[in-house]
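Enquirer: can't give you the sequence, but here's the structure:
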DNA sequence: ACTCTGAATGTAAGCGCTTACATCCGATGA
DNA sequence: TCATCGGATGTAAGCGCTTACATTCAGAGT
């Protein structure tokens, strides 16, 4: 008979309690849980009954410690406050679950130090691989990942030069293409509402895309009005109001993402401005919201689900010890809807 | 000198590696990390340097095992796919962080079995307290929580009769109040779009609220058209289309939540129906989306942030071993916006 | 000179699990 | 009948940490 613990009734049951109750050794219980086929029918039945009776749940930490694997991946996203990352993450998680891997998610609030902490927390919790958003992060974060030999993958950005695996799209090129279309419609005075570019390579790349398109069209960069704001609908609305207060005001406002664009469109309605009659608005990401806005938002469609699915595949391969996968470049195409049209008066100033 | 491990260069560094490098015992390193004031200046400096050099991150599982505490809470929400739970969760997390507690979040996809699994997973990972949404769940889930003595709190629902702590509002009463207003405006033929009521006490309570208001107004329950659908914008749209295809069609459609209402409003626009001129639409939850829809959605405002904050406080108290807290009842008030108006023709049939 | 104190540190016993290895035992074949 | 074999089970050594307790040592008090 196994020695019993101080006061089993006041503590969560352990493997040992289950073993005692089932009249077997802890090894048998463990096998019963991890490789049932290696245990006799009768023992299995007794163990199963004991597990149910005691409401036993194995201690993950102890299990990971002993088995030296956790079957857990982690993801650090900038925010959970809006749906931008939700779809991709869901696909990511689904793909992992198929392989028996659990996903732990943390959010950094777009703060590099906080992201570093979250990475550390996930690593400490045994994350065997990490999904990260974008390339910008503290050197310490990268150093930690290298030192701990944790495979990681950068999503939401594709960068030919970055020395690490990524699965994403070319933010700069996509935004440049969209801007070129806007200019092609006749818009000359453009406004930009961008998220904070510091520590956010996607926002930076998108902004550069706007500049590049303007340069290519021979437009004066001084004709570009820029608002840099935090990441929320209300911020987009306020920024839009400021842009509309300038003279002459922009005829098109390019937003760094759909959330900011939602704010812009809402503000336009509040101000009695017709979109796109008086002013055009574009977004980026094509989240669910984009199709629901009035007018529906012209934006850049990001293949969220595919990105999540492929990222999962790549990280699983990396964990398995394969060679670092090639960078994955996905297409981000313009999604035409109603919010973009020719400038009022048909073009030019 | 501490014996060195097989191949320290191929494995993540452990406390022992840090100790060896700093020339102290593992106990000193541990103290240095957990109670720096109990270690001499010089030792602390050496340890800190070693930690940085090695890129050390302590193993959470081992630490929890030894210290028998994790400072981790868990939350299981039905879905991350939309913003319904995001705001409350953010407030919950912020309040916990102030107390040094980390939050782990899992989602159940509105499936009771999956929720049970997620609860088990969080418990196994050392969650010391759990936030759950609504009262409906498998008996096994409750049994597990009781057996493991994990404090938990039901949010998003207040129920005078349920034998467990909760922090929420009266879904039934709120929906009844809203429905009464709709009826008061003259609507007689009502449609309801509800989420799956099986295993979802909030959806059930809200639906009962509608029935109760109709009964109170002496309306024939047969005048109520009901669509029960999964939880997505597209489902709301499809359900709305079906309701509009009935004859005579409802003059007001009450949606069980804002996501379904967003689908309804979008569908109305697609069908060329004016809201609220031709048909009124209402929601429930008052998520950010509600104010952005065209027309803006009349809905029931849920005090997301307060609920999250108070829930954190209650769970922290429960962990500390206090008496079970009283049920917390919050107010959910009608938020008037544009989508609700009198029926076409001014009322009656 | 001696003891006493307390701060700094080390020693070592686990925390709850997995797993290599040892043991046991009934069935099998010669 | 007995050695052999293999499936079922048990034994016990850690996994990386924390912490009670033991040890050391410098300085204070007598």
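Expert: It's in. Here the structure is a predicted model, which is why all the values come from computation and not from measurement.

Enquirer: Where does pLDDT dip in chain A?
Expert: Scanning chain A for pLDDT under 70 picks out A:1-10, A:346-349.

Enquirer: Report the separation between the residue positioned nearest the centre of it and DNA strand D.
Expert: In chain A, the centroid-proximal residue (Cα atoms, centre = their mean) is residue A:85; its distance is 4.0 Å. Distance, residue A:85 to DNA strand D, by Cβ to the nearest atom of the strand, to the nearest Å: 30 Å. (Each C-beta comes from the backbone N, C-alpha and C, glycine too.)

Enquirer: Which residue, other than its chain neighbours, is closest to that residue?
Expert: Nearest non-adjacent residue to residue A:85, counting by Cβ to Cβ, 6 or more residues apart in numbering or on different chains: residue A:77, 4.4 Å away.

Enquirer: how much space between the one you found and chain B?
Expert: Separation of residue A:77 from chain B (Cβ to the nearest Cβ, to the nearest Å): 11 Å.

Enquirer: If that residue is in a bridge, with which residues?
Expert: residue A:107 (DSSP bridges).

Enquirer: Counting neighbours, what do you get for it?
Expert: Neighbours of residue A:77 under the rule other Cβ atoms under 10 Å in any protein chain shown: 22.

Enquirer: Contact partners for it?
Expert: Counting by Cβ atoms under 8 Å, 6 or more residues apart in numbering or on different chains, residue A:77 touches A:85, A:89, A:105-108, A:133.

Enquirer: How about residue A:190?
Expert: So residue A:190 contacts A:179, A:182-183, A:210, A:214, A:219, A:223-225, A:250-254 (Cβ under 8 Å, 6+ apart).

Enquirer: burial of residue A:270, as a residue count?
Expert: Residues near residue A:270, counting by other Cβ under 10 Å: 11.

Enquirer: Excluding chain neighbours, what is closest to it?
Expert: The spatially closest residue to residue A:270, leaving aside those adjacent along the chain, is residue A:237, at 7.7 Å (Cβ to Cβ, 6+ apart).

Enquirer: ditto for residue A:135
Expert: Closest to residue A:135 by Cβ to Cβ, 6+ apart is residue A:201, at 4.8 Å.

Enquirer: Out of the contacts of residue A:77, the closest to residue A:143 would be?
Expert: Nearest to residue A:143 out of these is residue A:108 (Cβ to Cβ; 17.3 Å).

Enquirer: from what I can see that closest one touches residue A:121, true?
Expert: No - with contact defined as Cβ atoms under 8 Å, residue A:108 does not reach residue A:121; the gap is 10.9 Å.

Enquirer: Those two - which one has more neighbours?
Expert: Shown here are residue A:108 and residue A:121; by other Cβ under 10 Å, residue A:108 has more neighbours (21 against 18).

Enquirer: Tell me the spacing between the closest residue to the more buried one other than its chain neighbours and residue A:194.
Expert: Counting by Cβ to Cβ, 6+ apart, residue A:115 is the residue found nearest to residue A:108 once chain neighbours are left out, at 3.7 Å. Distance, residue A:115 to residue A:194, using Cβ to Cβ, to the nearest Å: 20 Å.

Enquirer: burial measure for residue A:27, as a count.
Expert: Look at residue A:27: counted by other Cβ under 10 Å, it has 11 neighbours.

Enquirer: thinking again about what came up before, just the contacts of residue A:77 now: which is nearest residue A:127?
Expert: Distance to residue A:127, by Cβ to Cβ, is smallest for residue A:106 among these, at 9.7 Å.

Enquirer: who's in contact with that closest one?
Expert: Residue A:106 makes contact with A:74-77, A:118, A:121-122 under the criterion Cβ under 8 Å, 6+ apart.

Enquirer: chain center to stretch A:240-260: distance?
Expert: Offset of stretch A:240-260 from its chain centre (Cα atoms, centre = their mean, to the nearest Å): 26 Å.

Enquirer: Tell me which residues of it come out buried.
Expert: By 16 or more other Cβ atoms under 10 Å in any protein chain shown, the buried positions in stretch A:240-260 come out as A:240-241, A:243-244, A:250-260.

Enquirer: Run a quick check on the residue nearest to residue A:135 versus residue A:157, I expect a contact.
Expert: Yes - taking contacts as Cβ under 8 Å, residue A:201 lies within contact range of residue A:157: 6.0 Å.

Enquirer: Report the set of residues contacting both of these two.
Expert: Listed as contacting both residue A:201 and residue A:157 by Cβ under 8 Å, 6+ apart are A:134-135, A:171.

Enquirer: Which of the residues you listed fall in helices?
Expert: Using DSSP state H, the subset of those located in helices is residue A:171.

Enquirer: quick one on the thing from earlier: and the buried residues of stretch A:240-260, which is closest to residue B:313?
Expert: residue A:259 (30.0 Å).

Enquirer: need the contact list for the closest one.
Expert: Counting by Cβ under 8 Å, 6+ apart, residue A:259 makes contact with A:82, A:84, A:231-233, A:236, A:287, A:289.

Enquirer: Let me know the secondary structure of it.
Expert: Classification of residue A:259 using DSSP: H, G, I helix; E, B strand; the rest coil returns helix.

Enquirer: Near DNA strand D, which residues of chain A are found?
Expert: Within chain A, the residues that sit near DNA strand D (Cβ under 7 Å from any atom of the strand) are A:23-28, A:31, A:38-40, A:42-43, A:62, A:65-66, A:68.

Enquirer: Are any of those residues buried, and if so which?
Expert: Among the residues of chain A next to DNA strand D, those classed as buried by 16+ other Cβ under 10 Å are A:24, A:28, A:31, A:39, A:43, A:62, A:65.

Enquirer: of all those residues, which two lie farthest apart?
Expert: Greatest spacing in these, by Cβ to Cβ: A:43 and A:65 (25.1 Å).

Enquirer: Closest to residue B:269 out of the buried residues of stretch A:240-260?
Expert: The nearest member of the buried residues of stretch A:240-260 to residue B:269, counting by Cβ to Cβ, is residue A:258 at 18.6 Å.

Enquirer: Find the residue closest to that closest one in space, skipping its chain neighbours.
Expert: Excluding its sequence neighbours, the residue lying closest to residue A:258 (Cβ to Cβ, 6+ apart) is residue A:283, at 3.9 Å.

Enquirer: so who does that neighbour touch?
Expert: By Cβ under 8 Å, 6+ apart, the residues touching residue A:283 are A:255, A:257-258, A:260-262, A:290, A:297-300, A:339.

Enquirer: Now with 10 Å, please.
Expert: A:178, A:193, A:236, A:253-262, A:264-265, A:289-290, A:293, A:297-300, A:335, A:337, A:339-340 (Cβ atoms under 10 Å, 6 or more residues apart in numbering or on different chains).

Enquirer: In strands, which of those appear?
Expert: Among the contacts of residue A:283, the members found in strands (DSSP state E) are A:193, A:253-255, A:299-300, A:335.

Enquirer: show me what contacts the residue in the stretch 151-300 of chain A that DNA strand C sits nearest to?
Expert: With Cβ to the nearest atom of the strand as the measure, residue A:151 is the residue of the stretch 151-300 of chain A nearest to DNA strand C, at 20.5 Å. For residue A:151, the contact set (Cβ under 10 Å, 6+ apart) comprises A:73, A:127-130, A:145, A:165, A:314-322, A:324-325.

Enquirer: cool, and residue A:88?
Expert: With contacts defined as Cβ under 10 Å, 6+ apart, the neighbours of residue A:88 are A:75, A:77, A:131, A:133, A:155-156, A:167, A:302-309, A:311.

Enquirer: Tell me the secondary structure of it, please.
Expert: What three-state DSSP gives for residue A:88 is helix.

Enquirer: residues contacting residue A:210?
Expert: By Cβ under 10 Å, 6+ apart, the contact list for residue A:210 reads A:172, A:175-176, A:178-180, A:182-183, A:190, A:192, A:194, A:221, A:224, A:226, A:254, A:256.
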